[in-house]
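Enquirer: Give me a model of this one.
(chains A and B)
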There are 2 protein chains.
Amino acid sequence: MITDPLSTIFAALADPTRRAILARLRSGEASVKELAEPFAMSLPAISKHLKVLERAGLITRGREAQWRPARLEADTLKEAADWISEYRIFWEESFDRLADVLRELQSEGNDRDHSQS
Amino acid sequence: MITDPLSTIFAALADPTRRAILARLRSGEASVKELAEPFAMSLPAISKHLKVLERAGLITRGREAQWRPARLEADTLKEAADWISEYRIFWEESFDRLADVLRELQSEGNDRDHSQS
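Expert: Numbers count the residues shown, from 1 in each chain, chains lettered A, B, ... in the order given. So this is what the prediction gives:
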C-alpha cells in the first residue's frame, strides 16, 4: 500500500489518461463530461482517474454537486520536479560525456580526411 | 497493463525503496548485497525492485554473473523532468499569486499600524 505523498504523486502520473487530463486542465478548469470527451471512456472511468489525481493533490474539485469542475494544482507537480532535479547533475554529466565522444569522433574524422588528402 | 515509457518511469518512481536505491546509486554503482544493506529487506525483494528500475531504464546492470552491479541511468529521469517542466509556469504563477497575497497582507498590516499610531 502506497502512503507517502511523493509515491502517491508518481503513481498518479503513471497513466497516460491521467497525464492527458492534467494537460487538458492547463487551459482551465473542466467538468468530468468535458474531460471525458476526447477519450473513448465512460464518465465513471474518468471519475475514477480524477479521484486518483485528487488523492495525490494534483487536482482539486469544485463544490457544485452537478458540475464539480476539476482544477490543476501545479504546486504538487513541483514536489515531483524538486525530487527529480536532484539528479540533474547526472544527466548533464552524461550529455557532457556524449559531447566529448562526438568531439573525439569528429577530430578522428578530420585526421582521416587529412591523411587521405 | 502499463506500456508507455513515461508511465513505466513514473510507476518505478512511485516507491520509497526504489527512490532510495536511485539515491544510493548517485555515489556510484553497487551490488544487490550492498543495496540491500540499509533496508530491512531480503535480497530477492531488492532484486525485484531492481528489475522494476531496470525495465523502466532507470538503471542498468553489469554482466558479471556473481556481482551484477547496478548503475544509475539519469538520462531516463530527464524524460520525466521534461514532462513535468511543461507545468513549471503554473506553479510559478501560483507562487506569484501567493507573493501578491503576502504583499497585500503586509500593506494592510502597515496601514493598521499607522492608523493605531
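Enquirer: From now on I want contacts and neighbour counts done on CA atoms only, so please keep to that.
Expert: OK.
Enquirer: Now tell me which helix or strand of chain A has the poorest mean pLDDT.
Expert: helix A:88-116 (a mean of 78; mean pLDDT, DSSP states H and E).
Enquirer: Go through that one and flag the buried ones.
Expert: A:Phe90, A:Trp91 (16 or more other C-alpha atoms under 10 Å in any protein chain shown).
Enquirer: which strands and helices sit next to it?
Expert: helix B:74-85 (3 or more C-alpha pairs under 8 Å, 6 or more residues apart in numbering or on different chains; DSSP states H and E).
Enquirer: just the angle between the least confident helix or strand of chain A and helix B:74-85, please?
Expert: 120 degrees (axes from the mean of the first three to the mean of the last three C-alpha atoms, to 10 degrees).
Enquirer: How far away from the center of its chain is helix A:88-116?
Expert: 31 Å (C-alpha atoms, centre = their mean, to the nearest Å).
Enquirer: now swap in stretch A:74-91 and tell me
Expert: For stretch A:74-91, the distance to the chain centre is 11 Å (C-alpha atoms, centre = their mean).
Enquirer: Please list the residues outside that stretch that contact it.
Expert: Residues outside stretch A:74-91 that contact it (C-alpha atoms under 8 Å, 6 or more residues apart in numbering or on different chains): A:6, A:9-10, A:57-58, B:26, B:73-75, B:77-78, B:80-81, B:84-85, B:87-88, B:90-91, B:94.
Enquirer: Buried only: go through those residues for me.
Expert: A:6, A:9-10, A:57-58, B:26, B:73-75, B:77-78, B:80-81, B:84, B:87, B:90-91.
Enquirer: and A:Pro16, how many neighbours does it have?
Expert: 16 (other C-alpha atoms under 10 Å in any protein chain shown).
Enquirer: A:Glu34 too?
Expert: Neighbours around A:Glu34, by other C-alpha under 10 Å: 13.
Enquirer: Would you mark the buried spots in the one helix or strand it maps to?
Expert: Using DSSP states H and E, A:Glu34 falls within helix A:32-36. Neighbour counts using 16+ other C-alpha under 10 Å place A:Val32, A:Leu35, A:Ala36 of helix A:32-36 among the buried residues.
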